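[1] Sequence plus predicted model, see below.
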Amino acid sequence: MIPRLAITHLPSPRLQECQRTFVPGEPIDGELAARQHASYCQALRELGVAVRRLDANGDSPDGVFIEDTAVVLDEIAILARMGASARQAEPSGIAPALGEYRDVVPLGKGTLEGGDVLRLGRTLLVGRSCRTSAEGIESLAGIVSRYGYQVIAIPIERCLHLKTACTALPDGRLLINPDWISSDRLAEQRLHCVPAPEPWGANVLLVGETILLPAAHARTAESLDQAGYQVTTVDISEFAKAEGGVTCLSLLVPG
């Protein structure tokens, strides 16, 4: 199903000051980042998704990575509690806009970022990462269980978020980097591994039957195309320097 809406956030002029954990501090071209963000939004529109662009957290260097601020389900939206202290104000910044589409529920306890939450039907895989705590996962489970969702915690140590190493494909398979996530925790899932030379290739955005992924990951795109998937690419090089991927740049609101 194609999401009804993608909520995005304009890149901050302070993007260069963003939080970086597993990548070096390369210079980021702010003007190029702005153009790439516009192209990303246009790619979503061409795939049939309405796009809303916010500018609520312009002072936050990481505000463009709006996915981390909430978990949006069919019934509700859970407002995150950020694991990075510099980002703690971001969820409240997007809450008013998000409240136009869903009842918004605060997480409560612990920390949890949306980049650690991967929905598979009524199951949520949640990364226990440097940004998401065990208490945060427990809080999330307590909220979503009321709506029939189950939560499965996945330990994450070698990358920032679960979705850095694992995202969903249209037929229910998972695209993973097996070096960054333990596949034995996914024993019941069918897996498609990224080519070894592209360790960052596992972060893709599923829009209906189409897989959107960064243009830099040409081998991953070829692997998916050969497997019969419909693939489209977008250049997000400047956001990759900020440890961001295609899922990070939007909050998808299911129709």
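    Thanks, I have the structure now. A quick note: this is a predicted structure, and the numbers were derived from the prediction, not measured.
[2] Test my guess that residue 206 contacts residue 173.
    No - checked against C-beta atoms under 8 Å, the pair residue 206 and residue 173 is beyond contact range at 10.8 Å. Where you see a C-beta, it was placed from the backbone N, CA and C, and this is true even at glycine.
[3] between these two, who's got more neighbours?
    residue 206 (20 against 14; other C-beta atoms under 10 Å).
[4] chain center to the helix or strand harbouring the more buried one: distance?
    Secondary structure assignment for residue 206, by DSSP states H and E: strand 205-207. Distance of strand 205-207 from its chain centroid, counting by C-alpha atoms, centre = their mean, to the nearest Å, is 10 Å.
[5] Given that strand, what are its sheet partners and their directions?
    Counting by DSSP bridges, the strands paired with strand 205-207 are strand 210-214 (antiparallel).
[6] Who are the packing partners of the helix or strand that the partner strand is followed by?
    Moving toward the C-terminus from strand 210-214, the next helix or strand (DSSP H and E) is helix 218-226. In terms of contacts (3 or more C-beta pairs under 8 Å, 6 or more residues apart in numbering; DSSP states H and E), helix 218-226 is packed against strand 210-214, strand 230-234.
[7] Can you give me the buried ones in helix 218-226?
    Neighbour-count burial for helix 218-226 flags 220, 221, 223, 224 (criterion: 16 or more other C-beta atoms under 10 Å).
[8] Let me have those in a markdown table, extended by distance to residue 5 and pLDDT.
    Formatted as a markdown table, the buried residues of helix 218-226 follow (distance: C-beta to C-beta, whole Å; pLDDT from 0 to 100):
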| residue | distance to residue 5 | pLDDT |
| --- | --- | --- |
| 220 | 27 | 98 |
| 221 | 26 | 98 |
| 223 | 30 | 98 |
| 224 | 25 | 98 |
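[9] what's the burial count for the residue lying closest to residue 131 once chain neighbours are set aside?
    Once flanking residues are discounted, residue 131 sits nearest to residue 83: 3.1 Å by C-beta to C-beta, 6 or more residues apart in numbering. By other C-beta under 10 Å, the residues close to residue 83 number 23.
[10] Mind checking the pLDDT average for stretch 202-211?
    Per-residue pLDDT over stretch 202-211 has a mean of 97.
[11] List of residues touching that stretch?
    1-3, 44, 47-49, 163-170, 175-177, 180, 194, 212-214, 220, 224, 229-232, 245-248, 250, 252 (C-beta atoms under 8 Å, 6 or more residues apart in numbering).
[12] What are the buried residues along that stretch?
    Residues of stretch 202-211 classed as buried: 202, 203, 204, 205, 206, 207, 210, 211 (neighbour count, 16+ other C-beta under 10 Å).
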